[in-house]
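Asks: Build me a structure from this.
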Amino acid sequence: MRRLRSKTTSSDLSRMASLRSPTPSTIPSSLAMELPPDILYYIFVLAQADASEPRNLSTTVSHVCQLWRAVAVHASVLWTRIIFDSDRSQFDDETLFLQRSRDASLEIEITSQPFETPGTSSARLRSILSLIRPHSHRWRALRVFSLPSRVFTMLFDDLRSAEAPSLETLSVTQQAWTSRADWTFRPFESGTPSLKDLRLKKVPWDFTAPLFSDLQKLILDGIPGRARALDAEALYTVVERCPELEEVHIWPFLSGGAGQTGQFHLASRVAPIRRDRLKKLHIDSPAIIEALLGVVLLPSLLRFPPLYHMRPAVFPTICRFNPLSSLRELAIEGPDGPDSAFEELVGYLPEMLRALESLEGLNFYYFDFRGQWLRCLETTCPRLKQLALTGCAGFTAESLQKVMARRIKAEGMLPLDTLWIVDCHGLTMEQDLQTWLVANLAHLRLA
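Replies: Numbers count the residues shown, from 1 in each chain. Below you'll find the predicted structure:
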């Protein structure tokens, strides 16, 4: 019922009430034609929500009979998806949809098809803009796909002065970068107060643009060439301007020297902030992630990118500032070679793991437990179910068995059900111990 209410409008329902219900028929096959207008309206709205081609449904139901046509024509929400996806010089269907949508919110889609005929791109873009620009105050979503470079820059140059106060979703996907090296993507300069979902692929964005404010989801696929020197502080300003941010996805990231300066340098330049709703921080740069961890408190963060491996240098930050109490999965990697700081940093491991009270999966890569640090898993990470040790050293099979046995007996502690031991050279395991592991685990991999 909530889903239905979100897709209907009070003005549509008022128009349904003004339509005359059909006269009951004695012919059983016409029962579908005897439904009252308001019931037909709800059926059409729900059917359109699940239709792969919503435009086809709107047109089809309006050609069934006089009543169905009246209901469809008066149902503005059936005509709100305006898609420019054909190589035609006239846009009669789109014009009709705009008329019948009345004052309802619009979803606009512009694809490459209208611009495939050579020599017509500029004229067709002007025609499209003349249709949709007067309705920009009604745009709820704008999606643009694979436009020719010149059309792409012309479109968004025009939209710089457009006002879209109701725009919630902006998705722009290009197959190649624009040839204009100095051009930046800055539509809706007056602001987009309702924008929550911003997705850009191969678009030369600018973090200072008003678009990057009050977002809930930010997805950037491809980093403009001029942004090679982008550092964590630039992204921090976006997070600072988006208090309700829930997801950040940025890849592939081209880190410059400033991006490698690390978390402590950023912490000395900006004030710490808290983002309670941020659950996904998928950035293709460990340096940027670790810089943000030092200044953005993330109590709801669930996951890092799959390839992110936390370094021991981050342990103090987790202990002192950012406990990541909601984190579900974590990979930890030891130093590449001799590291004089490791002895001190590894001492933070027990305290850090105690903070990760929601952790369910933990992977160690090339980590030296120094004969003592594995046992901290006996009393930390109460929800831990999966443990993977790849290329690790400084532990024995017996110490691992002891960790598992303590977790099995401990109150409020989940036992491990999955264990992977891969490339841990020098580790020996008696057959009896291996049999014990098999008996106490759902999944065991030894390689």
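Asks: neighbours of the closest residue to residue 184 other than its chain neighbours, just the number please.
Replies: In this structure, residue 184 finds its nearest non-sequential neighbour in residue 206, 4.6 Å apart by CB to CB, 6 or more residues apart in numbering. For the C-beta atoms, the positions are set from N, CA and C on the backbone; glycine is no exception. For residue 206, the neighbour count with other CB atoms under 10 Å is 15.
Asks: number of nearby residues for the residue nearest to residue 335 when sequence neighbours are not counted?
Replies: Ranked by CB to CB, 6+ apart and with sequence neighbours excluded, the top spatial neighbour of residue 335 is residue 342, at 5.4 Å. By other CB under 10 Å, the residues close to residue 342 number 17.
Asks: which stretches of the stretch 1-150 of the chain form helices?
Replies: Secondary structure of the stretch 1-150 of the chain (DSSP state H, counting those that start in this stretch): helices at 2-7, 10-18, 37-50, 54-61, 66-74, 92-100, 121-132, 149-158.
Asks: So for residue 385, which of these sits nearest?
Replies: Set against residue 385 and scored by CB to CB, the helices of the stretch 1-150 of the chain come closest in helix 2-7, at 34.0 Å.
Asks: now the closest one: mean pLDDT?
Replies: The average pLDDT within helix 2-7 is 51.
Asks: low pLDDT regions in the stretch 251-400 of the chain?
Replies: Applying pLDDT under 70 to the stretch 251-400 of the chain picks out residues 253-264.
Asks: which residue ranges form the helices in it?
Replies: Under DSSP H, counting those that start in this stretch, the stretch 251-400 of the chain gives helices at 263-267, 286-293, 315-320, 342-345, 349-355, 397-409.
Asks: The strand or helix carrying residue 444 - which strands sit beside it in the sheet, and in what orientation?
Replies: If you go by DSSP states H and E, residue 444 is part of strand 443-446. Sheet pairing for strand 443-446, assigned by DSSP bridges, gives strand 418-422 (parallel).
Asks: Out of the helices of the stretch 251-400 of the chain, which is closest to residue 130?
Replies: Residue 130 sits nearest to helix 286-293 of all the helices of the stretch 251-400 of the chain, at 42.4 Å, using CB to CB.
Asks: count of residues packed around residue 84?
Replies: Counted with other CB under 10 Å, residues neighbouring residue 84 total 23.
Asks: Would you confirm that it contacts residue 128?
Replies: Yes. Contact status for residue 84 versus residue 128: in contact at 5.6 Å, counting by CB atoms under 8 Å.
Asks: what touches both of the two?
Replies: Common contacts of residue 84 and residue 128, defined by CB atoms under 8 Å, 6 or more residues apart in numbering, comprise 91, 110, 114.
Asks: so which of those residues is the most crowded?
Replies: Counting neighbours by other CB under 10 Å, residue 110 comes out on top of the shared contacts of residue 84 and residue 128 with 25 neighbours.
Asks: quick one: that one and residue 154 touch, right?
Replies: No. Using CB under 8 Å, residue 110 is not in contact with residue 154; the gap is 11.8 Å.
Asks: In contact with residue 154, which residues?
Replies: Applying CB under 8 Å, 6+ apart to residue 154 gives the contacts 122, 125.
Asks: And for residue 174?
Replies: So residue 174 contacts 146-147, 152, 201-203 (CB under 8 Å, 6+ apart).
Asks: Between those, which sits nearest residue 183?
Replies: residue 152 (9.4 Å).
Asks: So what's the residue count around that closest one?
Replies: Residue 152 has 25 neighbouring residues, counting by other CB under 10 Å.
Asks: sorry, back to before: mind putting the helices of the stretch 251-400 of the chain in TSV, distance to residue 364 included?
Replies: Compiled in TSV, the helices of the stretch 251-400 of the chain are given as follows (distance: least, CB to CB, whole Å):
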stretch	distance to residue 364
helix 263-267	21
helix 286-293	16
helix 315-320	13
helix 342-345	14
helix 349-355	10
helix 397-409	12
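Asks: Please identify the most buried of those helices.
Replies: Among the helices of the stretch 251-400 of the chain, helix 286-293 has the highest mean neighbour count (mean count of other CB atoms under 10 Å), at a mean of 23.
Asks: What's the separation between residue 332 and residue 353?
Replies: Separation of residue 332 from residue 353 (CB to CB, to the nearest Å): 9 Å.
Asks: next one: phi and psi at the residue lying closest to residue 210 once chain neighbours are set aside?
Replies: In this structure, residue 210 finds its nearest non-sequential neighbour in residue 191, 4.7 Å apart by CB to CB, 6+ apart. With angles defined as degrees, to the nearest 10, residue 191 sits at phi 110, psi 150.
Asks: what pLDDT does residue 191 get?
Replies: Here the pLDDT value assigned to residue 191 is 94.
Asks: since we're on it, how many residues are nearby?
Replies: 15.
Asks: And for residue 374?
Replies: Residues near residue 374, counting by other CB under 10 Å, number 22.
Asks: Check the contact between it and residue 393; I expect there is one.
Replies: No. Taking CB under 8 Å as the definition, residue 374 is not a contact partner of residue 393, at 10.6 Å.
Asks: what's the closest of the shared contacts of residue 84 and residue 128 to residue 271?
Replies: Distances from residue 271 to the shared contacts of residue 84 and residue 128, taken by CB to CB, are shortest for residue 110, at 40.7 Å.
Asks: Please name the bridge partners of that closest one.
Replies: Judged by DSSP bridges, the bridge partners of residue 110 are residue 84, residue 144.
Asks: Distance of it relative to residue 356?
Replies: Noted for residue 110: a distance of 45 Å to residue 356, by CB to CB.
Asks: now do the same end-to-end measure for stretch 90-109.
Replies: Terminal residues of stretch 90-109 lie 16 Å apart, using CA to CA, to the nearest Å.
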